[in-house]
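*Asks:* A predicted structure for the sequence below; I have some questions about it.
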Amino acid sequence: MADVQPPFETEKEADTDTPEKREDEQGASGLTDEANTQYQPRYILDHWVTWQPDGRMMKYVNEVWEEVIEEDDRTLLSQLWNEQQRAETEKVVDGVKLKWDPTTQQWLPQELDDDFLANYQANYGVAYDYSKIEVKKPVVPVEKKEEKKKETKEERAKRKRENRQKVPQQGWIENEANTAVYVTNLPLDIDEEEFQAFMTKCGVIQVEPRNNKPKIKLYREADGSVKGDGRCTYVKPESVELALSILDGSEFNGSKITVEPAHFTLKGEYDPAKKKRRLTAQQKKRFLEQQNKIFAWTPDKPRNYRPKAHCTVVLKGVFTLEEMEQNAALMLDLKEVYQKLSAKYGTVKKVVVYDTNPDGVVTVSYTNTEEADLAIKMLDKHLINGKLLDAYNWDGKAKFKVEETEEQRQARLERYGRELEGNDDEDKSTESGGDTDSSDDTDSSSSDGEEQDKRADDNAEK
């Protein structure tokens, strides 16, 4: 918090601070100096928060001070505010509770009762003016960093040779932090899902970082039948102790199971080729972040919270697959039409037409849920182009994109091929008709020329 700067800079006034001026300021605000310190902005949950003299709580969001109206947010921020204020204004030194006095700029004892004074005088023999107590912060000596010596080329080459000569440990290495348990006497009709649900009672089960599957295993015979034993790996070592105390000796589908820590032994000879490839530093970091996120504390969501997916409106029954096959430009036309239609109810971010969906689905994404609710209210059970629409909020999970099968793809290509062939035949017939007309014009023009020649000869004889 010390490195975060407030969203504004306080300017020091040029004139001096006089008692008269301080009284005027206190009278204008209705607060004393001690009360004014309680209304200084504090950095809480990635935002600056402050109180107003009239009791309003303000939060600095997007370079603007906004009032915190939600009761849950006010309760949470007030609790964190009081904790910060208590940590800044109260502390204990040598068993004495001290409180910071902003007027005298000193740490003063919180309670000065008769018992405290009598105990102090019995130990030290004299009375003491506690207003003069000044608690100084301990000075931590700064250790000087040792200057790193520059490595010569000979020393670097020697270190690399030693590293190459180091032989990694072969065989099975026992892990110190073992978080796996071995379970026996399981029922023979159990499957992986039931086993996972049963072992989850004692903790979070670890997942494989490569395929994101839970690290559980049921040992099976050569024919695939369950042997009756299995292994489960938890995230925390405490889950192993909990499983030993709760699940060991318990009944599971009529079988009394046994739980013990898993011990791994090498069967046969060590084969380096079967060893899994180690995770990279980036993969390991991402895996640990996802794993720690499970145990992270997050505040409860407000009662009026709505997921981001509710900003998307799903429209069903907009078109049919037959219409989409007959008109290749229908997809672009529908996108343009619903872009204009949806813009009446709010700012449209994106419109998607799923041309292969048999339900004729079109999705419209808005900037907030209020605009999406208005669009649903106006478009649900509404007739457009003779089709009754169904409009509702997207749940964030449904997938509307339908992949073509190989048969549908071949049928579509054949249909497009026939359409192209029909267009080529029309072009050829048009060209042949044009050639016939030009030949007729040539014949007619040649006959007219012959008649004109005969007339000229007759005139010459006369």
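*Replies:* Looks like it arrived, so ask away. Residues are numbered from 1 along each chain as shown.
*Asks:* which SS state does E404 fall under?
*Replies:* E404 falls in the coil class when you classify it by DSSP: H, G, I helix; E, B strand; the rest coil.
*Asks:* wait, it touches N357, no?
*Replies:* No - shown here, E404 and N357 do not form a contact pair, counting by C-beta atoms under 8 Å, at 11.5 Å. All C-beta atoms are positioned from the backbone trio N, CA, C, and that covers glycine.
*Asks:* show me which of these two is the more surrounded one.
*Replies:* More neighbours surround N357 than the other of E404 and N357, with 18 against 11 (other C-beta atoms under 10 Å).
*Asks:* so what's the more buried one up against?
*Replies:* Applying C-beta atoms under 8 Å, 6 or more residues apart in numbering, one finds that N357 lies in contact with F400, K401, V402.
*Asks:* please list all residues in contact with the last one.
*Replies:* It stands for V402. Y354, T356, N357, P358.
*Asks:* of the residues you listed, grab the buried ones for ChimeraX.
*Replies:* Here is the ChimeraX command that picks out the buried ones among these, judged by 16 or more other C-beta atoms under 10 Å:
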select :354,357
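*Asks:* mind checking how far K381 is from Q339?
*Replies:* The gap separating K381 from Q339 is 22 Å, by C-beta to C-beta, to the nearest Å.
*Asks:* just to revisit the earlier point, between the contacts of N357, which is nearest H310?
*Replies:* Within the set of the contacts of N357, F400 lies nearest H310; the separation is 16.2 Å, counting by C-beta to C-beta.
*Asks:* okay, the closest one: pLDDT?
*Replies:* According to the model's per-residue confidence, F400 sits at a pLDDT of 93.
*Asks:* what about it, is that helix, strand or coil?
*Replies:* On the three-state scheme (three-state DSSP), F400 is labelled coil.
*Asks:* before we move on, what about the one 10 residues further on?
*Replies:* At Q410 the chain is in helix, as set by three-state DSSP.
*Asks:* how close does it sit to L332?
*Replies:* Plainly put, Q410 is 25 Å away from L332 if you go by C-beta to C-beta.
*Asks:* can you check F252 too?
*Replies:* On the measure of C-beta to C-beta, F252 and L332 end up 59 Å apart.
*Asks:* same check on G55?
*Replies:* With the distance defined as C-beta to C-beta, G55 ends up 57 Å from L332.
*Asks:* neighbour count winner among the two?
*Replies:* For G55 versus L332, the count of surrounding residues by other C-beta under 10 Å is larger for L332: 10 against 6.
*Asks:* please, which helix or strand holds that one?
*Replies:* Of the helices and strands defined by DSSP states H and E, L332 is found in helix 330-342.
*Asks:* one more: K59?
*Replies:* For K59, the secondary-structure element it belongs to, assigned by DSSP H and E, is strand 57-61.
*Asks:* C-terminal to that strand, what's the next element?
*Replies:* Following strand 57-61 in sequence order, the next helix or strand is strand 64-67 (DSSP H and E).
*Asks:* list the pairing partners of that following strand within its sheet, with orientation.
*Replies:* Taking DSSP bridges as the criterion, strand 64-67 sits next to strand 57-61 (antiparallel) in its sheet.
*Asks:* three-state assignment of E260?
*Replies:* Classification of E260 using three-state DSSP returns strand.
*Asks:* tell me who's in contact with it.
*Replies:* When contacts are taken as C-beta under 8 Å, 6+ apart, E260 is in contact with V181, Y182, T184, L244, D248.
*Asks:* where does the second one fall, phi/psi-wise?
*Replies:* Which is Y182. Y182 adopts backbone torsions of phi -110, psi 120, taken as degrees, to the nearest 10.
*Asks:* was I right to think it contacts R231?
*Replies:* Yes - the pair Y182 / R231 is scored as a contact, 5.6 Å apart, by C-beta under 8 Å.
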